[in-house]
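>>> Here is my input; please provide its structure:
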Amino acid sequence: MSKYIYTAAYIAVIVAANWATSTFGLVSLGLLGLAVTAGTFFAGAALIVRDGLQLHVGRAWMIAAIVAGALISAVTSTPAIAVASGVAFLVSELVDWSVFTPLRPRTLPGAVVVSSIVSAPVDTVLFLAIAGFGVTWQAVLGQFIVKTGMALLVAAGLAWRDRQVVAA
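Okay, the predicted model is just below:
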C-alpha cells in the first residue's frame, strides 16, 4: 500500500472515531461495568494504521495527517472532540514512534503490540480528560482492552503472514 492510501485510511479512521464519539458518547462494553467512547474501535484501528503509515513516511507527514484528521473532525463531530483527538493522537504518536520505530526491524508483530500497549493509555487518558468525559478506571481499562485487543489480532495476522512467507 502506498503512503497516500495509508494516509487516507489514517485520516478516515480518525474522523470516524470522532464522529462516532460525538454522536454516541460513552457506551458500555457490558463487562464489569467497563465503558468506551463509541469511537474506540475506530481509534484502535487508527493506532494500527498509524504503525503502517510510519513504515512509509516521516514525522512531519504523520503530524500533517493528524492535523488533517482533527480539522475534518471539527466539521464532522464537535470542536471539543476534534481538539481532544488531535492532542491525544499527537502526543501518543510521539510515544508510539519512540517504541514502534526501534522495535520494527526486530519484529513487526511485536512492534505493533508493544507500541499499542504503551501508546493506547496515553491516547485514552488525554482524550477522555480533554474531551470532558472524565478519566475513570472503567473507561481507561475498557479502551485499553479494545485497543490492545485489536493490536493483538493484527499482530497475530502479521506473524501468520510472516510464517507463510518463510514456509513458501
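
>>> Kindly export stretch 151-168 (C-alpha atoms) in CSV.
Once non-C-alpha atoms are left out, stretch 151-168 reads as follows in CSV (Å, rounded to 0.1, in the frame of the first residue of the first chain):
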residue,chain,number,x,y,z
ALA,A,151,-3.4,-4.7,18.0
LEU,A,152,-3.0,-8.4,19.2
LEU,A,153,-5.3,-9.5,16.3
VAL,A,154,-3.3,-7.6,13.7
ALA,A,155,0.0,-8.8,15.2
ALA,A,156,-1.3,-12.4,15.0
GLY,A,157,-2.2,-11.9,11.4
LEU,A,158,1.3,-10.4,10.7
ALA,A,159,3.0,-13.3,12.4
TRP,A,160,0.9,-15.8,10.5
ARG,A,161,1.8,-14.0,7.2
ASP,A,162,5.5,-14.0,8.1
ARG,A,163,5.4,-17.7,8.8
GLN,A,164,3.6,-18.3,5.4
VAL,A,165,6.3,-16.4,3.6
VAL,A,166,9.1,-18.3,5.3
ALA,A,167,7.4,-21.6,4.6
ALA,A,168,7.0,-20.8,0.9
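
>>> ok, for Val57, nearest residue in space, not its chain neighbours?
Using Cβ to Cβ, 6 or more residues apart in numbering and skipping residues adjacent in sequence, the residue nearest Val57 is Lys3, 5.1 Å away. (Each C-beta comes from the backbone N, C-alpha and C, glycine too.)

>>> Surely the one you found and His56 touch.
Yes - checked against Cβ atoms under 8 Å, the pair Lys3 and His56 is within contact range at 3.9 Å.

>>> shared neighbours of those two, which are they?
Listed as contacting both Lys3 and His56 by Cβ atoms under 8 Å, 6 or more residues apart in numbering is no residue at all.

>>> so the residue most central in space within the chain is in which element?
In the chain, the centroid-proximal residue (Cα atoms, centre = their mean) is Leu47; its distance is 2.5 Å. According to DSSP states H and E, Leu47 maps onto helix 40-54.

>>> Mean confidence (pLDDT) on that helix, please.
Here the mean pLDDT over helix 40-54 is 88, rounded to a whole number.

>>> So what's the gap between it and the chain middle?
Once both centres are worked out by Cα atoms, centre = their mean, to the nearest Å, helix 40-54 turns out to sit 4 Å from its chain's centre.

>>> mind saving the C-alpha coords of that helix as CSV?
What follows is helix 40-54 as a C-alpha-only set of coordinates in CSV (Å, rounded to 0.1, in the frame of the first residue of the first chain):
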residue,chain,number,x,y,z
THR,A,40,-12.8,3.4,20.4
PHE,A,41,-12.9,0.7,17.8
PHE,A,42,-12.0,3.3,15.1
ALA,A,43,-9.4,4.8,17.4
GLY,A,44,-7.9,1.3,17.9
ALA,A,45,-7.8,0.9,14.1
ALA,A,46,-6.1,4.4,13.9
LEU,A,47,-3.3,3.3,16.2
ILE,A,48,-2.7,0.2,14.0
VAL,A,49,-2.9,2.1,10.7
ARG,A,50,-0.5,4.7,12.2
ASP,A,51,2.1,2.0,12.5
GLY,A,52,1.6,1.0,8.9
LEU,A,53,1.9,4.7,7.8
GLN,A,54,5.1,5.0,9.8
